[in-house]
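*Asks:* have a look at this fold, sequence not included:
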């Protein structure tokens, strides 16, 4: 069965999961050709090992605490904290306690090709 994602112009919740956090799993909210938004859920001690994505990324901590490793640094993230990284930047996430985050992936815009001036 295909997952139903939030259509453009619709509202979805990015509130803390609170008591439901312990049983929650990561899930995609929006999937379009140039945009993906998902809620990342990690339990205390869980990690996403170093990886890269071909999109520009924004991560916002919604609840809990985690370390976001990128660009040679460990960033301690708490509710409300936001970080963005460039296309292809290696990163990892380590949950210090049960946590959820909103992750936005933006497809890079193609580099415009120079146009010739008409004569």
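*Replies:* Yep, that arrived. As the structure is a computational prediction, the values presented were derived from the model and not from experiment.
*Asks:* please count neighbours and contacts with C-alpha atoms only from this point.
*Replies:* Noted.
*Asks:* what residues does the residue nearest the centre of the chain make contact with?
*Replies:* Ranked by distance to the mean C-alpha position of the chain (Cα atoms, centre = their mean), the top residue is residue 103 at 1.7 Å. Residue 103 makes contacts with 37, 38, 39, 40, 57, 58, 59, 60, as judged by Cα atoms under 8 Å, 6 or more residues apart in numbering.
*Asks:* give me the nearest residue to it, chain neighbours excluded.
*Replies:* Of all residues not flanking residue 103 in the chain, residue 59 sits nearest, at 4.5 Å (Cα to Cα, 6 or more residues apart in numbering).
*Asks:* distance check, that neighbour against residue 42.
*Replies:* Going from residue 59 to residue 42 by Cα to Cα, to the nearest Å gives 14 Å.
*Asks:* these two: who's more crowded?
*Replies:* residue 42 (26 against 21; other Cα atoms under 10 Å).
*Asks:* partner strands of the worst-scoring helix or strand of the chain on mean pLDDT, parallel or antiparallel?
*Replies:* Sorted by mean pLDDT, DSSP states H and E, the helices and strands of the chain end with strand 27-32, the least confident at a mean of 93. Paired neighbours of strand 27-32 in the sheet (DSSP bridges): strand 35-42 (antiparallel).
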